[in-house]
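S.K.: Starting from these lines, generate the structure:
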Amino acid sequence: MRKQEIANVSLLIMTVWNAILGTVMILELVPISYGMFLALAGMCAIIVASWRALMGDERPWESPKRYNERKNRELP
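M.R.: As a prediction, this is how the structure comes out:
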(Lines give C-alpha, C1' and ligand atoms only; values in the text may rest on other atoms or scores of the structure.)
Protein backbone atom coordinates (compact mmCIF):
# COMPACT_ATOMS: atom_id res chain seq x y z
CA MET A 1 0.00 0.00 0.00
CA ARG A 2 2.90 2.37 0.73
CA LYS A 3 4.22 1.99 -2.82
CA GLN A 4 0.85 3.02 -4.26
CA GLU A 5 0.82 6.11 -2.04
CA ILE A 6 4.30 7.11 -3.22
CA ALA A 7 3.31 6.61 -6.85
CA ASN A 8 0.06 8.58 -6.48
CA VAL A 9 1.76 11.46 -4.69
CA SER A 10 4.46 11.54 -7.37
CA LEU A 11 1.85 11.79 -10.11
CA LEU A 12 -0.03 14.48 -8.19
CA ILE A 13 3.12 16.55 -7.68
CA MET A 14 4.03 16.16 -11.36
CA THR A 15 0.56 17.25 -12.45
CA VAL A 16 0.55 20.31 -10.18
CA TRP A 17 4.10 21.23 -11.27
CA ASN A 18 3.10 21.10 -14.94
CA ALA A 19 -0.10 23.09 -14.29
CA ILE A 20 1.86 25.81 -12.49
CA LEU A 21 4.44 26.00 -15.27
CA GLY A 22 1.70 26.03 -17.91
CA THR A 23 0.02 28.94 -16.17
CA VAL A 24 3.31 30.82 -15.85
CA MET A 25 4.02 30.29 -19.56
CA ILE A 26 0.51 31.36 -20.60
CA LEU A 27 0.86 34.54 -18.54
CA GLU A 28 4.19 35.09 -20.33
CA LEU A 29 6.13 35.45 -17.09
CA VAL A 30 8.60 32.87 -18.37
CA PRO A 31 9.48 32.17 -22.01
CA ILE A 32 8.06 28.92 -23.35
CA SER A 33 11.49 27.39 -23.97
CA TYR A 34 12.48 27.96 -20.31
CA GLY A 35 9.14 26.67 -19.10
CA MET A 36 9.43 23.50 -21.16
CA PHE A 37 12.96 22.95 -19.88
CA LEU A 38 11.79 23.44 -16.28
CA ALA A 39 8.89 21.03 -16.86
CA LEU A 40 11.24 18.37 -18.24
CA ALA A 41 13.77 18.87 -15.44
CA GLY A 42 11.04 18.75 -12.80
CA MET A 43 9.49 15.58 -14.21
CA CYS A 44 12.89 13.87 -14.40
CA ALA A 45 13.64 14.85 -10.80
CA ILE A 46 10.26 13.50 -9.63
CA ILE A 47 10.80 10.25 -11.55
CA VAL A 48 14.27 9.75 -10.06
CA ALA A 49 13.09 10.58 -6.54
CA SER A 50 10.13 8.20 -6.72
CA TRP A 51 12.26 5.49 -8.35
CA ARG A 52 14.73 5.68 -5.46
CA ALA A 53 11.92 5.65 -2.91
CA LEU A 54 10.25 2.64 -4.50
CA MET A 55 13.20 0.54 -5.62
CA GLY A 56 16.11 1.68 -3.45
CA ASP A 57 19.38 0.26 -4.72
CA GLU A 58 17.72 -2.48 -6.75
CA ARG A 59 18.11 -2.13 -10.50
CA PRO A 60 15.39 -3.03 -13.02
CA TRP A 61 17.89 -5.19 -14.90
CA GLU A 62 20.55 -7.67 -13.91
CA SER A 63 24.11 -8.09 -15.08
CA PRO A 64 24.94 -10.88 -17.53
CA LYS A 65 26.95 -12.59 -14.78
CA ARG A 66 23.96 -12.65 -12.39
CA TYR A 67 21.68 -13.82 -15.21
CA ASN A 68 23.97 -16.76 -16.03
CA GLU A 69 24.30 -17.67 -12.35
CA ARG A 70 20.53 -17.63 -11.90
CA LYS A 71 19.93 -19.69 -15.04
CA ASN A 72 22.56 -22.24 -14.01
CA ARG A 73 20.86 -22.65 -10.61
CA GLU A 74 17.46 -23.21 -12.25
CA LEU A 75 18.71 -26.02 -14.49
CA PRO A 76 18.21 -29.53 -13.03
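
S.K.: now the helix or strand containing Ala53, how far from the chain's geometric center?
M.R.: Taking DSSP states H and E as the criterion, Ala53 maps to helix 32-55. Distance of helix 32-55 from the chain centroid (Cα atoms, centre = their mean, to the nearest Å) equals 7 Å.

S.K.: which regions of this structure sit below the pLDDT cut-off?
M.R.: Residue ranges of the chain with pLDDT under 70: 58, 75-76.

S.K.: quick one on the thing from earlier: the helix holding Ala53: which residues count as buried?
M.R.: Neighbour counts over helix 32-55 (16 or more other Cβ atoms under 10 Å) mark 35, 38-39, 42, 46, 50 as buried. C-beta here means a position set from N, CA and C on the backbone, and glycine is covered the same way.

S.K.: For stretch 21-30, give me every contacting residue.
M.R.: If you take Cβ atoms under 8 Å, 6 or more residues apart in numbering as the criterion, stretch 21-30 is touched by 31-32, 35-36, 38-39, 42.

S.K.: List the residues that contact the spatially most central residue of the chain.
M.R.: Per Cα atoms, centre = their mean, the C-alpha nearest to the average position across the chain is that of Ile47, at 1.4 Å. With contacts defined as Cβ under 8 Å, 6+ apart, Ile47 is in contact with Ser10.
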